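**Student:** Sequence plus predicted model, see below.
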Amino acid sequence: MSNNRELSEFADYLTVDDTTKNVGIGTTLKISAGGIFVANTEVIRPDGTWGGPNSGLVGAQGAQGAVGAQGDAGTDGAQGAVGAQGAVGAQGDVGAQGAVGAQGSQGAQGFQGRQGAVGAQGAQGATGAQGSAGAQGNQGRQGATGAQGATGAQGASGAQGATGPVGGSNTQILFNDGGSTGGDAGLTFNKTTNKFGLGDQHRLGTGTFTTAQRDALTGVSNGEMIYNTTTDQLEVYSPGGWIVGAAIPFVATGGTVDTTSRTGYNVHTFTSPGTFTVSSGSKDVEYLVVGGGAGGGGYTNFVGYGWGGGAGGYRTSTTSVNSSPGSYTVTVGGGGAGSPNGNSPGSNGSASVFGPITSQGGGGGGSSGNAGQNGGSGGGGQPTAGFGNRVAGTTTPVPSQGYDGGPTTGGGAGGAGSGPGFNLAGGPGLPSSINGTNVTRAAGGRSAPGGPPGLQSPQPDNSGNGGGGGGYPGSGPNRAGANGGSGIVIIAYPTA
């Protein structure tokens with residue numbers, strides 16, 4: 001019952017003999033007025049309820065061991081060393097804890113009659129063996145799928161809506177015009193005649209290639225057309241290769257243009273600075289570029305003579321020009337001034353230029369003790385004459401265009417035609433018929449001896465001639481050298 005405690009709670013106080021069923025009572029257990037006391041604690045009340053501690057009865061506590069004796073205190077000395085602290089006495093042994101009484105077997109239920117013991121449950125019989133499963137029958141074959149019924153005929157499509165209007169009129173080639181289809185009256189195709197039409201103010205563009213790019217093309221078919229920027233020509237591919245389909249006309253301006261003086265040629269003459277401009281096509285052109293002639297040396301007080309000035313550089317040949325870059329600068333060199341007296345040489349001429357072609361001005365003629373100057377052709381002089389084929393007034397060499405000046409007394413200046421003269425006229429110039437008329441230019445200036453004062457007359461413009469030296473025997477105190485003639489640039493090409 002819930003109000004009873006098992007006898008094991010009283011193992012130290014009660015004993016039960018299982019054979020005789022006698023109960024032994026310990027010396028500290030007593031029964032008074034229906035309750036059971038252990039020492040002075042009523043552990044079972046008269047009503048059968050537990051009055052002892054919840055944790056059960058605790059055995060008697062063993063006696064506490066004796067406390068060890070305390071060591072003697074040190075004697076007080078005169079502020080001397082503190083005496084050693086006495087040893088702490090050993091702590092007495094803790095008394096052995098009383099043994100917990102063995103838990104007694106559970107006795108029969110008190111006060112209320114004891115409940116009889118429940119009989120033991122019989123063992124469950126063994127499960128019989130399961131019979132073996134019968135074999136599964138064969139699965140029947142699936143029946144054949146029936147044929148699919150024929151698909152019904154598709155219904156007729158609805159009529160297509162009307163097509164919206166298309167830009168452009170009949171025969172016009174249509175193109176995307178700002179997102180809409182458009183046409184142009186000048187861009188047509190006639191399918192009956194297979195003719196493509198291009199109207200007024202309409203242009204046909206072709207791909208541009210250099211000759212190297214054209215030659216690198218593959219899979220070219222006969223009739224294909226390109227524009228060759230190397231030759232400035234429209235070319236068409238044929239069984240024999242690329243041929244000129246439509247030559248681009250050569251158009252050039254600049255200078256004074258003469259179309260009649262030389263049959264079959266256009267001649268551009270520049271007597272002042274300008275630009276030779278090619279606006280279309282390309283062409284190999286002839287050119288004559290003559291630099292300005294130098295001034296002659298002067299004369300002073302019967303002590304020396306003036307030498308002739310050198311001729312301007314003379315260059316003539318052919319070169320190719322085309323519309324790219326198209327513009328070719330032209331400069332016409334001025335003639336050098338003659339020296340006013342024997343104290344200085346004549347002035348150098350200036351260079352003439354046509355694109356990459358430059359002809360230097362002539363070297364000034366020497367006077368008295370002044371040497372001739374370097375230039376396209378050198379000026380005459382003493383003790384030394386000037387060298388030709390130099391930038392005027394310097395030692396910088398340039399392509400061949402003249403000769404050295406005369407080196408001795410009376411020597412003339414160099415000219416374009418041959419070596420220096422001596423004691424007479426300077427070197428001769430060269431003739432050219434580039435403009436249809438045979439004209440000699442770039443002659444060296446004559447030295448003073450051997451002729452009258454008229455030798456000191458200025459040379460013609462655009463001749464490139466060097467001026468003559470000043471003075472001759474008995475001519476007076478001072479005599480100036482003559483001025484050199486200015487240069488010229490002439491360009492000519494066939495019209496066909």
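**Tutor:** Received it, and whenever you're ready, just let me know what you need.
**Student:** for the record, mean pLDDT for stretch 271-283?
**Tutor:** Predicted confidence along stretch 271-283 averages 95 (mean pLDDT).
**Student:** got the end-to-end distance for it?
**Tutor:** Stretch 271-283 has an end-to-end distance of 23 Å (criterion: Cα to Cα, to the nearest Å).
**Student:** Equivalent analysis for stretch 230-242, please.
**Tutor:** End to end - Cα to Cα - stretch 230-242 spans 14 Å.
**Student:** For stretch 386-397, buried residues please.
**Tutor:** 386-393 (16 or more other Cβ atoms under 10 Å). To be clear about C-beta, it is placed using only N, CA and C from the backbone, and glycine gets the same treatment.
**Student:** can you tell me which of those are in helices?
**Tutor:** Among the buried residues of stretch 386-397, no member is found in helices (DSSP state H).
**Student:** with those in mind, which one is nearest to Gly429?
**Tutor:** Gly388 (13.3 Å; Cβ to Cβ).
**Student:** what ranges do the helices span in this structure?
**Tutor:** For the chain, helices defined by DSSP H occupy the ranges 211-215.
**Student:** picking up where we left off before, export the buried residues of stretch 386-397 as CSV, with columns for distance to Gly338 and pLDDT.
**Tutor:** Formatted as CSV, the buried residues of stretch 386-397 follow (distance: Cβ to Cβ, whole Å; pLDDT from 0 to 100):
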residue, distance to Gly338, pLDDT
Gly386, 15, 93
Phe387, 21, 94
Gly388, 20, 94
Asn389, 23, 96
Arg390, 21, 97
Val391, 21, 98
Ala392, 16, 97
Gly393, 16, 95
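**Student:** Make JSON lines from those residues and add distance to Lys30 to it.
**Tutor:** Converted to JSON lines, the buried residues of stretch 386-397 look like this (distance: Cβ to Cβ, whole Å):
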{"residue": "Gly386", "distance to Lys30": "165"}
{"residue": "Phe387", "distance to Lys30": "162"}
{"residue": "Gly388", "distance to Lys30": "164"}
{"residue": "Asn389", "distance to Lys30": "160"}
{"residue": "Arg390", "distance to Lys30": "158"}
{"residue": "Val391", "distance to Lys30": "154"}
{"residue": "Ala392", "distance to Lys30": "159"}
{"residue": "Gly393", "distance to Lys30": "158"}
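**Student:** how many other residues sit next to the residue lying closest to Gly436 once chain neighbours are set aside?
**Tutor:** Leaving aside its chain neighbours, Gly436 sits nearest to Arg262 (3.4 Å; criterion: Cβ to Cβ, 6 or more residues apart in numbering). Close neighbours of Arg262, defined as other Cβ atoms under 10 Å, add up to 17.
**Student:** now swap in the one 3 residues further on and tell me
**Tutor:** The local packing count at Tyr265 equals 19, with neighbours defined by other Cβ under 10 Å.
**Student:** same deal with Gln213?
**Tutor:** Every residue meeting other Cβ under 10 Å relative to Gln213 is counted, giving 14.
**Student:** Contact partners for Pro53?
**Tutor:** Thr41 (Cβ atoms under 8 Å, 6 or more residues apart in numbering).
**Student:** and the gap between it and Val43?
**Tutor:** Here the criterion is Cβ to Cβ, to the nearest Å. By it, Pro53 lies 8 Å from Val43.
**Student:** I figured Val321 hits Thr277, correct?
**Tutor:** No - Val321 is not in contact with Thr277 according to Cβ atoms under 8 Å; the separation is 9.7 Å.
**Student:** and the end-to-end length of stretch 241-253?
**Tutor:** Stretch 241-253: ends 34 Å apart by Cα to Cα.
**Student:** Flag the shaky bits of the stretch 301-450 of the chain, pLDDT-wise.
**Tutor:** Scanning the stretch 301-450 of the chain for pLDDT under 70 picks out the ranges 302-304, 408-424, 449-450.
**Student:** Excluding covalently adjacent residues, which one is nearest to Asn301?
**Tutor:** Using Cβ to Cβ, 6+ apart and skipping residues adjacent in sequence, the residue nearest Asn301 is Pro477, 5.2 Å away.
**Student:** what separates the one you found from Val257, distance-wise?
**Tutor:** Pro477 sits 50 Å away from Val257, going by Cβ to Cβ.
**Student:** and what of Gly309?
**Tutor:** Distance, Gly309 to Val257, using Cβ to Cβ: 32 Å.
**Student:** Same question for Ala294.
**Tutor:** To Val257, Ala294 is 31 Å away according to Cβ to Cβ.
**Student:** do Ser282 as well
**Tutor:** 18 Å.
**Student:** More neighbours: these two, which one.
**Tutor:** Neighbours per residue (other Cβ under 10 Å) separate Ser282 from Val257, with Ser282 holding more: 20 against 12.
**Student:** Can you report how many residues lie near the spatially closest residue to that one that is not a sequence neighbour?
**Tutor:** What sits nearest to Ser282 in space, not counting adjacent residues and going by Cβ to Cβ, 6+ apart, is Asn322, at 3.3 Å. Using other Cβ under 10 Å, the number of residues around Asn322 comes to 18.
**Student:** go on, Asp232?
**Tutor:** With other Cβ under 10 Å as criterion, Asp232 counts 19.
**Student:** In contact with it: list those residues for me.
**Tutor:** By Cβ under 8 Å, 6+ apart, the residues touching Asp232 are 248, 280-282, 322-324.
**Student:** swap the cut-off to 10 Å and go again
**Tutor:** 247-250, 278, 280-283, 322-324 (Cβ atoms under 10 Å, 6 or more residues apart in numbering).
**Student:** Neighbour-wise, which one of these leads?
**Tutor:** Among the contacts of Asp232, Val278 has the most neighbours (other Cβ under 10 Å), with 22 neighbours.
**Student:** do you know how far that one is from Thr331?
**Tutor:** For Val278, the distance to Thr331 equals 18 Å [Cβ to Cβ].
**Student:** Also Ile488?
**Tutor:** 11 Å.
**Student:** Would you mind giving me the confidence score for Thr75?
**Tutor:** Looking at Thr75, its pLDDT reads 42.
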